[in-house]
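# show me the folded form of this:
(2 chains)
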Amino acid sequence: MNNSIAKEKIVSLRKKRSLEDMRFKYYGFTAMCLSLAVLVFLLYTIFSKGYTAFQKTIVLLEVDYNQEVLKLTPDSSDEDMEKGKFFRVKKQALENFFPDLSKSDIKLVKKLFSINVDKEIKDYFLDNPEVINTKQQIWVTAHSDVDQLLKGNSRRDVPEDRRKLNDIQLSYVDQLVEENRVKQVFNNFFFTKADSRHPEIAGVAGSFMGSLFTLFTVFILSFPIAIGASVYLEEFAPKNRITELIEVNISNLAAVPSIVFGLLGLGVLLNVFGLPRSTPLVGGSVLALMTLPTIIIACRASLKAVPPSIKEGALAVGATKTQAVFHHVVPLALPGTLTGTIIGLAQALGETAPLIMIGMIAFIPNIPTGLTEPSAALPVQIYLWVESAERGFQEKSAAAIMVILIFLFMMNAIAVFLRNRFERKW
Amino acid sequence: MFFWSLVLIAVGIFSSFIYGRSRIKLNSKKQGTKSKSLPNYYAQYVLMWCLFPALIVYFSWAIFQEQIIQNIVISNFEYIEGAVYNEGLLLAEIRNVANNPSFADGKSIEIINAASHYSSLKQISQISFYTSIIIMMLLGALYASQKLKPEFHVQHTIERYIQYILIFCSSVAIFTTIGIVFSLIFESLRFFAEVSISEFLFSTEWYPFIPIREGQTAAEGSFGAVPIFAGTFLVMVVAMCVAAPLGLLTAIYLAEYASQRVRKIVKPLLEILAGIPTIVYGFFAFVSVAPFVKAFGQSIGIDASPTSALAAGMVMGVMIIPFISSLSDDVINSVPQSLREASLGIGANKAETIKKVILPAALPGIVGAFLLAISRAIGETMIVVVAAGTAPNLTGNPFENVTTVTVQIVVALIGDQEFDNPRTLSAFALGLVLFVITLFLNIIALQIVKRYRERYE
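The predicted model follows:
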């Protein structure tokens, strides 16, 4: 009797315990799934907000390249052509955009077009000078407000005073859609232009080049220094307090917040050394100092992985220690050090705060061509666009994030490829 | 200018190498003896003696040229009696005019004079830069070639030089630390000369608005950083509330329950989460999480602001999940197998083994991981800049707008930086606090983890 009660107790306890076990496992599983779900949701958000930025809206505009309006003749020289009165042609084209427009209507029509239209009208003419005295139907870029409306990013059902486009402009846009005078095409501006105050002609080319120059500086500075430091610490350094100090220093430096490196750049590189502000040279130097510990740690690991027998073999046939290290150990560790460097560069690519500190946040509307020219960088560009109140910049920031993520993905893929291709198992 | 000088240096070292090689061959032929080292070592010797003086010139010019020229221009500037000048603006104007003659229209005569003075100094500097590089390279090569005798053991010398270079490389980390500490302390001292330390650390009013121009009527700024520290703490707590359970449970599942295949898939995915730039998380917080938090707050009757500690903290928590999970995973894996087997052997099931044996054994390591994560959360910038706001509210309500140390650093340094007002300098004082706290957390965490490792090795 007692026995069976005890048995029952044990059975129920065991059930409870195994239930507990199941539950605990389930908690862990849920936590893991939740973390991954956030990753998926994050990527989904970026993609769903950003893919529209790869398209732009263009409008069909009839332009009359009348020689009197342009103040040109068919045999004007190229220089004169440059000086043609294209703004008058544009004005005329807008006046005739819809039949019977009043003066106030023309103002409204004008706001449907990008500020870049003047240049597009001019460029079309300069490319085809024979069109003088003819009417041409050309596709020109629409204003960001129209673009956002047609992409469905801004809503029409809000009260008129909270909309960018008023009711008359909406009716114009609807008319254009009906008459097929508006369409969406691939947004080449996004990849060929630098930042702009106008979302429809803002692109990532400038900040992309800025990031490339910055990464180039980081690589040039950090790779040799990291190899030198790790070779010294791994192969030559005597076991004493100074070496220990250096090692502790490196591991602590790896955990210093990136913004503090920005303060270092501002306080020392800009204010003491007077290097040029907002340039990839300074940005790259700061990021190089920041990623140095990461790269050194990776380089040391790959140096450590080279078996000592190789060095000993070299020493045995009469090489000096320097020769043994630089002729045998370093070349064998090189793929590993390169992998570590690329991963460090990937970290540097996404870093924003230090670059803001050294002024790479300035508005730079042209594409930089050198290390000492003011430029933006991709992550800072994203920050600027996220902070911008203009609706049209939101999709741009998401699209720029896609660009930076693809860039990061490619760098990591190269690192993995290098590792798999060249790494030797001893 | 600096590009062409690099080309010049490259040409110089290349020819010095060739020269050194042929010279030692000639010398040993003349003396009829074999040289003690291979000819390439002698060539390297000449090369180094050619390169280093040139680099010294190069870097000293790069660093000091602009400063010296500016000082000369400013000290020779013909000040007009009675007019007030701002040195920084004046210099910028002079530089603009000098670089771009079209800006000269409408500028006063003394500025145009100073600009032409500036450009002539620049020209002189450039000419002397190239000549001194060439002279230094020639002198170096000349000195080295004097020593190119076959009986000279050049290899030893070269190896010693290489050692010096390597030591220099490894001390860059130390220089960086020294640079950080000195720049933070130096600028902070200037800040504390105007604002007392006790006000900064204990006062609760943060109004860093200083009258910029004289005569401007604005309230005296006050720099009590307590609301900022409180905001940082609040965001950090929210982040840890998200990251600690999720990260730890994920680590436990991966280490103890998951099959090899799941581990192989999930670990790289978590690494992706860790590799995403923080500005991307900022965007995510701003676009998705903050509106959600606002709507949620309204639905339960709390007036949530569009940027809040909760939104920023939650996303920051997601950011440090992989950090906690990978560190804890390592820690749990390094608990000896024998402890597990003993526990399972006396009849405990897996959950009991984990809760009663593995976690207590791994506790120090997990605490270390949490401390590292906290230090990451405190130093994180972009998420809070985008999603937490800038208003210094002293509040415990996570639905409200708060500000953090990193946000205030960014806010103080964005835009015009005048290093003579406490608003700009406050960034360095805040940076110093941030640096000290994160360093402290790291040292403790690393100590704990190290001691923990030693226990099981």
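# what mean pLDDT does stretch A:62-80 get?
Average pLDDT, stretch A:62-80: 81.
# give me the residues contacting that stretch.
A:81, A:84-86, A:88-90, A:92-93, A:96-97, A:121, A:124-125, A:129, A:131-138 (C-beta atoms under 8 Å, 6 or more residues apart in numbering or on different chains). Yep, even glycine has a C-beta here, placed from its N, CA and C like the rest.
# what about the residues you listed, which are in strands?
A:135, A:136, A:137, A:138 (DSSP state E).
# what are the ranges of the strands in the stretch 101-250 of chain A?
A:135-141, A:182-186 (DSSP state E, counting those that start in this stretch).
# and the first one, which residues are buried?
To tie it back to what came earlier, the one meant is strand A:135-141. By neighbour count with 16 or more other C-beta atoms under 10 Å in any protein chain shown, strand A:135-141 contains the buried residues A:138, A:139, A:140, A:141.
# what would these look like in a markdown table with pLDDT and distance to residue A:325?
Shown next, in a markdown table, are these (pLDDT from 0 to 100; distance: C-beta to C-beta, whole Å):
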| residue | pLDDT | distance to residue A:325 |
| --- | --- | --- |
| A:138 | 89 | 66 |
| A:139 | 91 | 63 |
| A:140 | 91 | 64 |
| A:141 | 92 | 59 |
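# redo these as TSV? Include distance to residue A:68.
Below are the buried residues of strand A:135-141 laid out as TSV (distance: C-beta to C-beta, whole Å):
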residue	distance to residue A:68
A:138	20
A:139	25
A:140	22
A:141	27
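# hmm, back to that, buried only: go through the contacts of stretch A:62-80 for me.
Buried among the contacts of stretch A:62-80 by 16+ other C-beta under 10 Å: A:81, A:84, A:86, A:89-90, A:93, A:96-97, A:121, A:124-125, A:132, A:138.
# run a quick neighbour tally on residue 233.
Because you didn't say which chain, this covers chain A. Residue A:233 has 21 neighbouring residues, counting by other C-beta atoms under 10 Å in any protein chain shown.
# should've been chain B
Using other C-beta under 10 Å, residue B:233 has 17 neighbouring residues.
# for residue B:421, same thing?
Counted with other C-beta under 10 Å, residue B:421 comes out at 17.
# the longest strand along chain A relative to strand A:182-186, how many degrees between them?
Across chain A, the longest stretch assigned as strand under DSSP E is strand A:55-64. Inter-element angle recorded for strand A:55-64 and strand A:182-186: 130 degrees (by axes from the mean of the first three to the mean of the last three C-alpha atoms, to 10 degrees).
# direction included, what does strand A:55-64 pair up with?
When pairing is defined by DSSP bridges, strand A:55-64 lines up against strand A:135-141 (antiparallel), strand A:182-186 (antiparallel).
# figure out which of the strands of the stretch 101-250 of chain A is closest to residue B:421.
strand A:135-141 (43.7 Å; C-beta to C-beta).
# now do residue B:340 against residue A:227, distance only.
Plainly put, residue B:340 is 41 Å away from residue A:227 if you go by C-beta to C-beta, to the nearest Å.
# list the buried residues for stretch B:304-321?
Across stretch B:304-321, burial judged by 16+ other C-beta under 10 Å covers B:304-305, B:307-321.
# can you check stretch A:158-168 too?
A:163, A:164, A:165.
# and stretch A:313-329, by the same measure?
Of all the residues in stretch A:313-329, those buried under the rule 16+ other C-beta under 10 Å are A:314, A:315, A:319, A:322, A:324, A:325, A:326, A:328, A:329.
# the longest helix in chain A is where?
Longest helix in chain A, counting residues (DSSP state H): helix A:2-50.
# who in the stretch 301-450 of chain B is up against chain A?
Residues of the stretch 301-450 of chain B lying near chain A by C-beta under 8 Å from any C-beta of the partner chain: B:318, B:321-322, B:325, B:349-352, B:354-355, B:372, B:375-376, B:378-382, B:385-386, B:406, B:409-410, B:413-414, B:417, B:419, B:427-428, B:431, B:434-435, B:438-439, B:442-443, B:446.
# quick one: buried ones out of these?
B:318, B:321-322, B:325, B:349-352, B:354, B:372, B:375-376, B:378-382, B:385-386, B:406, B:409-410, B:413, B:417, B:427-428, B:431, B:434-435, B:438-439, B:442, B:446.
# among these, which lie within helices?
Using DSSP H, these in helices are B:318, B:321-322, B:325, B:350-352, B:372, B:375-376, B:378-379, B:382, B:385-386, B:406, B:409-410, B:413, B:427-428, B:431, B:434-435, B:438-439, B:442, B:446.
# so what are the domain limits for chain A?
Domain segmentation of chain A under automatic domain parsing yields A:2-51, A:55-193, A:205-422.
# for these, give me TSV that also has distance to residue B:333.
Listed next are these as TSV, based on distance: least, C-beta to C-beta, whole Å:
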stretch	distance to residue B:333
domain A:2-51	15
domain A:55-193	45
domain A:205-422	18
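# lowest-confidence stretch among those?
domain A:55-193 (a mean of 86).
# one step back: nearest to residue B:203 among the ones in strands among the contacts of stretch A:62-80?
Checking these one by one against residue B:203 (C-beta to C-beta), the nearest turns out to be residue A:138, at 63.9 Å.
# contacting residues for that closest one?
A:60, A:61, A:63, A:120, A:121, A:124.
# ok, and the closest non-adjacent residue to residue A:393?
Take residue A:393 and drop its neighbours on the chain: the residue closest to it by C-beta to C-beta, 6 or more residues apart in numbering or on different chains is residue A:385, 4.3 Å away.
# could you check the pLDDT of residue B:50?
Residue B:50 is given a pLDDT of 91.
# what helix or strand is it on?
In the assignment (DSSP states H and E), residue B:50 maps to helix B:39-75.
# now that helix: how far from the chain's centre is it?
In terms of C-alpha atoms, centre = their mean, to the nearest Å, the centre of helix B:39-75 is found 26 Å from the chain centre.
# is that helix up against chain A anywhere?
Yes: Helix B:39-75 lies within reach of chain A by C-beta under 8 Å from any C-beta, at B:62, B:63, B:64, B:66, B:67, B:70.
# quick one: contacts for the nearest residue to the fourth one once chain neighbours are set aside?
By that I understand residue B:66. Closest residue to residue B:66 apart from its sequence neighbours, by C-beta to C-beta, 6+ apart: residue A:274 at 4.6 Å. Residue A:274 makes contacts with B:63, B:64, B:66, B:67, B:70, as judged by C-beta under 8 Å, 6+ apart.
# just the ones of the buried residues of stretch A:313-329 in helices?
Checking the buried residues of stretch A:313-329 against DSSP H, those in helices are A:314, A:315, A:322, A:324.
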